[in-house]
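Trainee: A structural model of the following input is requested.
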Amino acid sequence: MILNEEQKYQIAKDAVIHWDIEVKDLSLLPIHTENEVFKLEDVNGNFFALRIHRFGYHDLEELESEHIWTSYLKKSGLNVPEFINTKREKPYKKIFIKNSEDFRYVGIVKWIRGETLEDSILKDRSESNISNIFERLGELIAQFHITSIDWDPPKGFKRHSWDEEGLMGHDPTWGRFWEIKYASNKQRSQLLDIQNRLYEKLKNLTKGNYYSMTHADMNWGNVLIEGQKLSVIDFDDCCFGWHAADLANSIWNTDPQFASIHEISKQALLKGYKSLRNNSDQVIKDLDLFYLVRCLQILKWVEDREKEIGDIEPIIDSILRPAINRAIEMEIIKS
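Mentor: Take a look at the predicted model:
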């Protein structure tokens with residue numbers, strides 16, 4: 001069920017009364033995210049983000065596990081969202097849609113100030129600014145990974161895994177990208193070949209200290225910058241996965257206007273990552289592999305959002321052709 005604006009506000013207003021927050025203003029943010037996000041201001045001038053979680057992606061156990069992990073990261077000194085519990089000390093509240101049996105889970109976190117990494121780059125595309133941002137981002141991702149390696153999930157912790165099955169299995173988490181409709185028969189055959197070969201590569205890839213809970217979607221809209229402070233938001237996709245995927249996702253961007261900064265951002269990112277993490281050679285070695293994996297994942301992600309996006313064929317083409325060429329260059333398949 002796709003929510004209209006009236007239903008979104010109804011859910012938000014019905015939810016917020018379960019928190020010990022005296023609301024002054026509640027406004028739906030005009031941003032494209034998987035969840036509906038409201039900016040909430042209380043009477044004391046404090047700001048919060050209220051999230052209405054999309055239906056069907058995570059059950060309550062998975063959402064509560066996100067809360068457990070981000071709380072651990074916050075206590076470890078990382079700049080991540082801080083949950084506000086309900087009056088009954090719960091991180092989420094189940095809210096029914098008026099005149100319907102459908103429902104959504106709602107959570108509230110403290111507002112994190114800052115502009116997105118993408119907005120910062122658009123304001124200043126100088127090599128010095130880009131290098132500075134991505135070096136600090138590399139340091140931040142290293143801190144995430146170092147912290148997560150030492151963490152033992154509690155009993156009942158439940159998040160999906162982006163292992164060989166979750167990424168390249170018969171039914172990957174984000175869908176069967178080799179069956180997308182905006183591809184030729186030859187391209188679909190090539191994608192299937194890539195999927196099979198990448199599955200075997202991932203199956204044999206070292207895990208150990210290179211695999212743990214990860215953010216899994218550290219894109220340029222999920223990194224906020226305020227002065228020299230970097231924060232990460234939106235843990236909706238956080239899961240067990242390879243650390244190299246976090247690095248690859250943080251530089252993944254197919255917008256032509258950013259093509260010229262790809263290598264600069266990549267080298268700065270790796271410099272920052274290596275400065276804090278010992279024995280990072282394996283993670284860095286696997287970065288290009290997971291950059292390709294991200295390209296393939298996004299193909300199906302885009303197709304599933306055709307109604308929201310509109311004309312997706314040129315978007316698919318801008319990702320698909322380079323992905324196949326990259327797979328050929330990496331000798332995963334033959335031309």
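
Trainee: Give me the secondary structure label for residue 48.
Mentor: strand (DSSP: H, G, I helix; E, B strand; the rest coil).

Trainee: list the contacts for it?
Mentor: 21, 39, 40, 41, 42, 84, 108, 109, 110, 111 (CB atoms under 8 Å, 6 or more residues apart in numbering). In short, each C-beta sits where N, CA and C put it, glycine included.

Trainee: where along the stretch 1-150 of the chain do the helices fall?
Mentor: Remark: helices assigned in the stretch 1-150 of the chain by DSSP state H, counting those that start in this stretch are 5-16, 60-75, 117-123, 127-149.

Trainee: Adjacent strands (with direction) for the following helix or strand past the last one?
Mentor: If you walk from helix 127-149 toward the C-terminus, the next helix or strand you reach (DSSP states H and E) is strand 161-162. Strand 161-162 has the following sheet partners, assigned by DSSP bridges: strand 239-242 (parallel).

Trainee: export the contacts of residue 48 to CSV and tack on pLDDT?
Mentor: Compiled in CSV, the contacts of residue 48 are given as follows (pLDDT from 0 to 100):
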residue, pLDDT
21, 97
39, 97
40, 97
41, 98
42, 97
84, 97
108, 98
109, 98
110, 97
111, 97
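
Trainee: Let me know which of the helices of the stretch 1-150 of the chain is tucked in deepest.
Mentor: Among those, the stretch with the highest mean neighbour count (mean count of other CB atoms under 10 Å) is helix 127-149, at a mean of 20.

Trainee: where's that one relative to the chain centroid, distance-wise?
Mentor: 16 Å (CA atoms, centre = their mean, to the nearest Å).

Trainee: tell me the angle that helix makes with helix 60-75.
Mentor: Helix 127-149 runs at 110 degrees relative to helix 60-75, counting by axes from the mean of the first three to the mean of the last three CA atoms, to 10 degrees.

Trainee: Pipe the helices of the stretch 1-150 of the chain into JSON lines and attach mean pLDDT and distance to residue 233 per row.
Mentor: JSON lines is the format used below for the helices of the stretch 1-150 of the chain (pLDDT from 0 to 100; distance: least, CB to CB, whole Å):
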{"stretch": "helix 5-16", "mean pLDDT": "96", "distance to residue 233": "18"}
{"stretch": "helix 60-75", "mean pLDDT": "97", "distance to residue 233": "10"}
{"stretch": "helix 117-123", "mean pLDDT": "95", "distance to residue 233": "11"}
{"stretch": "helix 127-149", "mean pLDDT": "97", "distance to residue 233": "13"}
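
Trainee: Columns distance to residue 28 on top of these, output as a markdown table?
Mentor: Output for the helices of the stretch 1-150 of the chain, formatted as a markdown table (distance: least, CB to CB, whole Å):
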| stretch | distance to residue 28 |
| --- | --- |
| helix 5-16 | 6 |
| helix 60-75 | 21 |
| helix 117-123 | 20 |
| helix 127-149 | 29 |
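
Trainee: among the ones you listed, which is nearest residue 166?
Mentor: When those are compared by CB to CB, helix 60-75 sits nearest residue 166, at 13.6 Å.

Trainee: Show me what that closest one is in contact with.
Mentor: Contact with helix 60-75 is made by 53, 58, 80-83, 91-92, 94, 105, 107, 144, 147-148, 151, 153-154, 156-160, 213, 235-236, 238, as judged by CB under 8 Å, 6+ apart.

Trainee: one more time with 7 Å, if that's ok
Mentor: The contact list for helix 60-75 (CB atoms under 7 Å, 6 or more residues apart in numbering) reads 53, 80-83, 91-92, 105, 147, 151, 154, 157-159, 213, 235, 238.

Trainee: repeat for stretch 285-297
Mentor: Residues outside stretch 285-297 that contact it (CB under 7 Å, 6+ apart) are 167, 174, 177, 194, 198, 201, 205, 242, 244-245, 247-249, 252, 319, 323, 326-327, 330.

Trainee: let's see it at 8 Å
Mentor: Against stretch 285-297 from outside (CB under 8 Å, 6+ apart): 167-168, 172, 174, 177, 191, 194-195, 198, 201, 205, 210, 242, 244-245, 247-249, 251-252, 254, 266, 270, 319, 322-323, 326-327, 330, 332.

Trainee: Tell me the buried residues within these.
Mentor: Using 16 or more other CB atoms under 10 Å as the burial test, the contacts of stretch 285-297 include 167-168, 172, 174, 177, 191, 194-195, 198, 201, 205, 210, 242, 244-245, 247-249, 251-252, 266, 270, 319, 323, 326-327, 330, 332 as buried.

Trainee: Please enumerate the strands of the stretch 201-335 of the chain.
Mentor: All strands of the stretch 201-335 of the chain, identified by DSSP state E, counting those that start in this stretch, fall at 211-214, 223-226, 229-232, 239-242.
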